[in-house]
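Colleague: Pasted the sequence and its predicted model underneath.
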Amino acid sequence: MGSLSDHLANERTFLAWVRTGIALIGFGFVIAKFALFISILKGAKTLSSSSVTYGEVMIILGGIVILYGLYSYLENEKDISKNQYTPRVLPNMIFVGIILAITVILAIFII
(Lines give C-alpha, C1' and ligand atoms only; values in the text may rest on other atoms or scores of the structure.)
Protein backbone atom coordinates (compact mmCIF):
# COMPACT_ATOMS: atom_id res chain seq x y z
CA MET A 1 0.00 0.00 0.00
CA GLY A 2 2.74 2.46 0.87
CA SER A 3 2.54 5.51 3.05
CA LEU A 4 1.70 9.00 1.93
CA SER A 5 5.31 10.07 2.41
CA ASP A 6 6.46 7.29 0.04
CA HIS A 7 4.12 8.50 -2.70
CA LEU A 8 5.09 12.13 -2.16
CA ALA A 9 8.80 11.28 -2.24
CA ASN A 10 8.26 9.41 -5.50
CA GLU A 11 6.44 12.41 -6.94
CA ARG A 12 9.24 14.79 -5.85
CA THR A 13 11.76 12.54 -7.56
CA PHE A 14 9.67 12.54 -10.73
CA LEU A 15 9.47 16.33 -10.66
CA ALA A 16 13.27 16.45 -10.33
CA TRP A 17 13.52 14.36 -13.51
CA VAL A 18 11.13 16.77 -15.24
CA ARG A 19 13.11 19.83 -14.08
CA THR A 20 16.32 18.25 -15.37
CA GLY A 21 14.69 17.48 -18.72
CA ILE A 22 13.33 21.01 -19.01
CA ALA A 23 16.78 22.42 -18.23
CA LEU A 24 18.32 20.30 -21.00
CA ILE A 25 15.61 21.38 -23.44
CA GLY A 26 16.12 25.02 -22.52
CA PHE A 27 19.87 24.69 -22.90
CA GLY A 28 19.33 23.11 -26.32
CA PHE A 29 17.23 26.06 -27.42
CA VAL A 30 19.89 28.46 -26.16
CA ILE A 31 22.60 26.65 -28.16
CA ALA A 32 20.52 26.63 -31.34
CA LYS A 33 19.38 30.25 -31.04
CA PHE A 34 22.88 31.46 -30.13
CA ALA A 35 24.19 29.97 -33.37
CA LEU A 36 21.49 31.87 -35.26
CA PHE A 37 22.36 35.08 -33.38
CA ILE A 38 26.08 34.75 -34.16
CA SER A 39 25.41 34.14 -37.86
CA ILE A 40 23.23 37.27 -37.98
CA LEU A 41 25.95 39.32 -36.28
CA LYS A 42 28.55 38.07 -38.77
CA GLY A 43 26.21 38.79 -41.67
CA ALA A 44 26.64 35.20 -42.83
CA LYS A 45 24.28 33.88 -45.48
CA THR A 46 24.32 30.36 -44.04
CA LEU A 47 23.81 29.09 -40.51
CA SER A 48 26.40 26.95 -38.73
CA SER A 49 24.53 23.68 -38.75
CA SER A 50 26.75 21.97 -36.17
CA SER A 51 25.66 24.28 -33.34
CA VAL A 52 22.03 23.89 -34.32
CA THR A 53 22.51 20.11 -34.39
CA TYR A 54 24.04 20.15 -30.89
CA GLY A 55 21.09 22.19 -29.68
CA GLU A 56 18.65 19.72 -31.22
CA VAL A 57 20.49 16.82 -29.58
CA MET A 58 20.20 18.56 -26.19
CA ILE A 59 16.47 19.02 -26.78
CA ILE A 60 16.11 15.33 -27.61
CA LEU A 61 18.14 14.39 -24.51
CA GLY A 62 15.77 16.49 -22.42
CA GLY A 63 12.82 14.57 -23.82
CA ILE A 64 14.55 11.25 -23.13
CA VAL A 65 15.23 12.28 -19.53
CA ILE A 66 11.59 13.24 -18.98
CA LEU A 67 10.35 9.96 -20.50
CA TYR A 68 12.73 7.94 -18.35
CA GLY A 69 11.59 9.88 -15.30
CA LEU A 70 7.98 9.04 -16.12
CA TYR A 71 8.87 5.36 -16.56
CA SER A 72 10.70 5.36 -13.22
CA TYR A 73 7.83 7.14 -11.48
CA LEU A 74 5.20 4.69 -12.74
CA GLU A 75 7.30 1.64 -11.87
CA ASN A 76 7.99 3.00 -8.38
CA GLU A 77 4.29 3.70 -7.87
CA LYS A 78 3.54 0.05 -8.67
CA ASP A 79 6.18 -1.07 -6.18
CA ILE A 80 4.93 1.30 -3.47
CA SER A 81 1.37 0.05 -3.97
CA LYS A 82 2.56 -3.55 -3.61
CA ASN A 83 4.79 -2.61 -0.65
CA GLN A 84 7.86 -4.08 -2.35
CA TYR A 85 11.03 -2.91 -4.05
CA THR A 86 12.28 -4.16 -7.41
CA PRO A 87 15.78 -3.04 -8.43
CA ARG A 88 15.88 -1.77 -12.00
CA VAL A 89 19.48 -2.50 -12.87
CA LEU A 90 18.97 -3.22 -16.59
CA PRO A 91 16.75 -0.20 -17.39
CA ASN A 92 19.17 2.08 -15.50
CA MET A 93 22.15 0.62 -17.35
CA ILE A 94 20.39 1.08 -20.71
CA PHE A 95 19.52 4.68 -19.83
CA VAL A 96 23.10 5.46 -18.80
CA GLY A 97 24.41 3.71 -21.93
CA ILE A 98 22.22 5.83 -24.20
CA ILE A 99 23.27 9.07 -22.50
CA LEU A 100 26.96 8.11 -22.56
CA ALA A 101 26.78 7.08 -26.22
CA ILE A 102 25.25 10.41 -27.19
CA THR A 103 27.87 12.21 -25.09
CA VAL A 104 30.75 10.37 -26.77
CA ILE A 105 29.33 11.00 -30.23
CA LEU A 106 28.95 14.72 -29.49
CA ALA A 107 32.46 14.88 -28.03
CA ILE A 108 33.91 13.26 -31.16
CA PHE A 109 32.12 15.73 -33.42
CA ILE A 110 33.23 18.71 -31.35
CA ILE A 111 36.89 17.71 -31.49
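Modeller: In hand now; what should we look at?
Colleague: Which elements pack onto the helix ranked longest in the chain?
Modeller: In the chain, assigned by DSSP state H, the helix with the most residues is helix 4-42. Contacts defined by 3 or more C-beta pairs under 8 Å, 6 or more residues apart in numbering; DSSP states H and E place helix 4-42 against helix 49-82. In short, each C-beta sits where N, CA and C put it, glycine included.
Colleague: just checking, what packs against the helix it packs on?
Modeller: helix 4-42, helix 89-110.
Colleague: So which of those is nearest Tyr73?
Modeller: helix 4-42 (3.8 Å; C-beta to C-beta).
Colleague: what is the orientation angle of that closest one with helix 49-82?
Modeller: Helix 4-42 and helix 49-82 are oriented at 170 degrees to each other (axes from the mean of the first three to the mean of the last three C-alpha atoms, to 10 degrees).
Colleague: which regions of the chain sit below the pLDDT cut-off?
Modeller: Scanning the chain for pLDDT under 70 picks out the ranges 44-48, 111.
Colleague: Relative to Ala23, how far out is the residue in it sticking out farthest from the centre?
Modeller: Going by C-alpha atoms, centre = their mean, the residue of the chain most distant from its centre is Gly43, 33.5 Å out. Noted for Gly43: a distance of 32 Å to Ala23, by C-beta to C-beta, to the nearest Å.
Colleague: And the closest residue to Thr86 other than its chain neighbours, how far from Ile94?
Modeller: Distance criterion C-beta to C-beta, 6 or more residues apart in numbering; nearest residue to Thr86, sequence neighbours excluded, is Asp79 at 5.6 Å. Counting by C-beta to C-beta, the gap from Asp79 to Ile94 is 19 Å.
Colleague: quick one, which of the two is more surrounded?
Modeller: Neighbours were counted for Asp79 and for Ile94 using other C-beta atoms under 10 Å; Asp79 has more, 16 against 12.
Colleague: Looks like the more buried one contacts Tyr73 (just checking).
Modeller: No: with contact defined as C-beta atoms under 8 Å, Asp79 does not reach Tyr73; the gap is 10.9 Å.
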